[in-house]
Structures are given as structure tokens and as C-alpha cells.
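# I'll drop the sequence and a predicted model, then ask my questions.
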Amino acid sequence: MNNIEIDFYSGFEGEEEIEFFSTRELHTKRIRMWIGYFRTILRQTQTPPDTDWTGLVYYNNLLIGWHEEKNWQIPCLEEVLFQLENAKIPIDDPINNIDYEPERKILVEMINLVSEGINESFPIYINKC
């Protein structure tokens, strides 16, 4: 069995955690992250022009999906990919000592996982721990 775990949660033990993951046959890929990183990414996630909330923004703003159930399967991976690819992570702020590098790394991993799900036709899940 080939398991991959990408950890952006260590050091935040005791605080909320979000997992993006895929499981297929003998392969699991999991991205663990602190909720603060996830919230920053969602705040910077875009919806297609001239539309209402869609994708992850829709489910997050209505507090449904992963807010209500464990191992929630993400619908419409293409919408989610569009949002992630167009997210605008802020530039680091040395004056206030804010480093957005973890969010940029997480975003790349999320884009890769969702792209794999689309290209290989397997589901992606979110779990709020």
C-alpha cells in the first residue's frame, strides 16, 4: 500500500484541522492542514465571473458539506480547481510578521490533488478533524 501524507498541521495540535484526501485501491494521499491556513486560502479563492458562490466558497459560506459530515466528497472538482488555480494568496507582510509561504505550498498541493482526481476520475474528500 502506498500512502502519502503531506503535513501542514504539526505545531498546531489541539486546534482545528482540515484534511483533503483521496483513497483509491491501495493508494491514499492526504493533505493535513491547520484550519487557519485553510481559511486564508478560502478567503482568497475566486468564483467564476458573474456568478454567485460556487465550489468550496459555497459550502464554506453556508456551513454545509464538510461542516456537517465526515469524509465529505467534493462535488464539481472542475469548479474547485478553477477556484484554487485563481486564488490570490497575499504577499508576505514583514512589518506584521506574517508569512504566507505555508498557504502557497498548501495551495499547490491542493491543486495537484484535485487535478489528479479530475484526470484519473477519482473522488476527493474533505474531513474536518
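That came in fine, so what should we check first?
# tell me the residue in the protein that is farthest from the middle.
Distance from the C-alpha centroid of the chain peaks at Ile95, with 27.5 Å (Cα atoms, centre = their mean).
# what distance do you get for that residue to Thr40?
According to Cβ to Cβ, to the nearest Å, Ile95 and Thr40 sit 18 Å apart. Every C-beta, even on glycine, is put in place using the N, C-alpha and C of the backbone.
# list the residues that contact the residue most central in space within the chain.
In the chain, the centroid-proximal residue (Cα atoms, centre = their mean) is Met110; its distance is 5.3 Å. Contact analysis of Met110 by Cβ atoms under 8 Å, 6 or more residues apart in numbering lists Phe20, Ile31, Ile41, Leu84.
# Pro90: which of these is nearest?
When those are compared for distance to Pro90 (Cβ to Cβ), Ile41 wins out at 10.9 Å.
# which SS class is the closest one?
The local conformation at Ile41, judged by DSSP: H, G, I helix; E, B strand; the rest coil, is helix.
# can you give me every residue that contacts it?
Per Cβ under 8 Å, 6+ apart, neighbours of Ile41: Leu84, Ala87, Ile89, Glu103, Ile106, Leu107, Met110.
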